[in-house]
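Peer 1: Could you work out the structure for the sequence below:
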Amino acid sequence: MKIVADENIPFAREAFRTLGDVALISGRDATPAMLRDCDLLFCRSVTKVNRDLLEGSRVRFVATATIGFDHVDTEYLRERCIAFASAPGSNANSVGEYVVAALLVLARRGRYELEGKTLGVVGVGNVGRRVVEKAEALGLRVLQNDPPLARQTGDPRFLPLDALFDADFLTLHVPLTAEGPDKTFHLVDDAFLARMRPTSVLLNSSRGAVVDGKALGRVLRSGRLGAAVLDVWEGEPVIDLGLLDKVAIGTPHIAGYSFDGKVCATEMVYGAACQTLGVEPSWDPATVMPPPRHPRIEIACAGRSDEAVIREAVLAVYDIEADDRDFRRIPADPAQHRPFFDKLRKLYPERREFHNTELILPGAGSALRGKLAGLGFRLAPPAPPC
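Peer 2: Below you'll find the predicted structure:
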């Protein structure tokens, strides 16, 4: 059995070779010729999986090691009776930690406290729920909007979008859809941005085309929006450099790129392939995961604000500003954007999630410990009183 897999899927060779012969490729460069005699295809979001790619091949199973699958023509797969799997929720915690890091950096730059401010979350699926939990741990007031969930559940916590425009921060966690009552293509357009407060911040780590990049550029240049944080870009990997220049934090589609999240996705699509083939999984990621760079961190807490301690802990584990600096080195020539963008993602440093780090917190009160635990950190027991 021949298997083709994106080279950026961690442990792809180790996992998938238990099922057959594995060929690793650059996902963005996948061609019909590469897949002609392929049985199983494992991809990521850079590969457009459709009739043009698969027609005439013997592919019978496709899996994307991502939570979204707007890059896959699932209707075509159904027509061809090709089994399909994705990895919903695999990188949800990673994106939640990205949002936390971004908010803490913005608060430090703006010299304000996050606690008591309001965050609007648009899209409360696997990712959005994690963002809600972490934002509440930070002490933010959270407003949630998710029309499909509102219709399905009738839960009053899901508010109409209108109720979110007064939020201090508004973060997007929706799939990209081009039609229907919940269309998200260019959800954030001129009219949307005009309704946001001029001091508020927009964050997008969902899909680039959810935001009309030209409209966002106009509002940032005019000063009618406080700031923007973009991890995804309309037209990526070609980037609007004028827009990048205006955003507060810009990163190359890596919000969900924690090593833990990527390995979780590998495990999920591997398991789906095993189920489709009727074989017992034999690869265990726990046997190959490397130790975290920061297994334990000690932070002196006495006399410091909770947020200062939280910021130190978060940014010690994930330096989001380093991602921003690296991305801003993108060449001016658009022809060089794709190789630069792909290289940043391929060589992305091993980022581990907060749960891999135990915090030693001398002088911390119970409220601070509760916040850090809510963000996912492991906490060493408090020292006994003298």
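Peer 1: how many other residues sit next to Pro384?
Peer 2: 5 (other CB atoms under 10 Å). Using the backbone N, CA and C atoms, a C-beta is placed for each residue, glycine as well.
Peer 1: Work out for me the element it sits within.
Peer 2: Element membership for Pro384, per DSSP states H and E: none, as it lies in no helix or strand.
Peer 1: How about the contacts made by it?
Peer 2: Contacts of Pro384 were listed using CB atoms under 8 Å, 6 or more residues apart in numbering, and none were found.
Peer 1: quick one: Ala209 from Leu225, how far?
Peer 2: 19 Å (CB to CB, to the nearest Å).
Peer 1: Count the residues that sit near Leu103.
Peer 2: 27.
Peer 1: ditto for Arg78
Peer 2: 11.
Peer 1: which SS class is it?
Peer 2: helix (DSSP: H, G, I helix; E, B strand; the rest coil).
Peer 1: can you pull the contacts of the most centrally placed residue in the chain?
Peer 2: Residue closest to the average C-alpha location in the chain (CA atoms, centre = their mean): Gly256, at 2.9 Å. Contacts for Gly256 (CB under 8 Å, 6+ apart) come out as 66-67, 90-92, 94-95, 98, 127, 205.
Peer 1: Please tell me which one of those residues counts the most neighbours.
Peer 2: Neighbour max across the contacts of Gly256 (other CB under 10 Å) = Val127, 30 neighbours.
Peer 1: Return the residues in contact with the closest residue to Asp260 other than its chain neighbours.
Peer 2: Nearest non-adjacent residue to Asp260, counting by CB to CB, 6 or more residues apart in numbering: Glu353, 4.6 Å away. Counting by CB under 8 Å, 6+ apart, Glu353 touches 93-94, 97, 258, 260-261, 376.
Peer 1: now do 6 Å
Peer 2: By CB atoms under 6 Å, 6 or more residues apart in numbering, Glu353 lies in contact with 93, 258, 260.
Peer 1: ok, those vs Leu19, which is closest?
Peer 2: Asp260 (23.1 Å; CB to CB).
Peer 1: what about the closest one, how many neighbours?
Peer 2: For Asp260, using other CB under 10 Å, the count is 23.
Peer 1: who's in contact with Ser45?
Peer 2: 66, 71.
Peer 1: one more time with 10 Å
Peer 2: Applying CB atoms under 10 Å, 6 or more residues apart in numbering to Ser45 gives the contacts 6, 27-28, 64-72, 207, 232, 236, 253, 256.
Peer 1: which residue packs closest to Met268, ignoring adjacent ones?
Peer 2: Per CB to CB, 6+ apart, closest to Met268 is Ala87, 4.3 Å.
Peer 1: again with Gly223
Peer 2: Pro198 (7.5 Å).
Peer 1: Spit out the contact partners of the one you found.
Peer 2: 219, 222-226.
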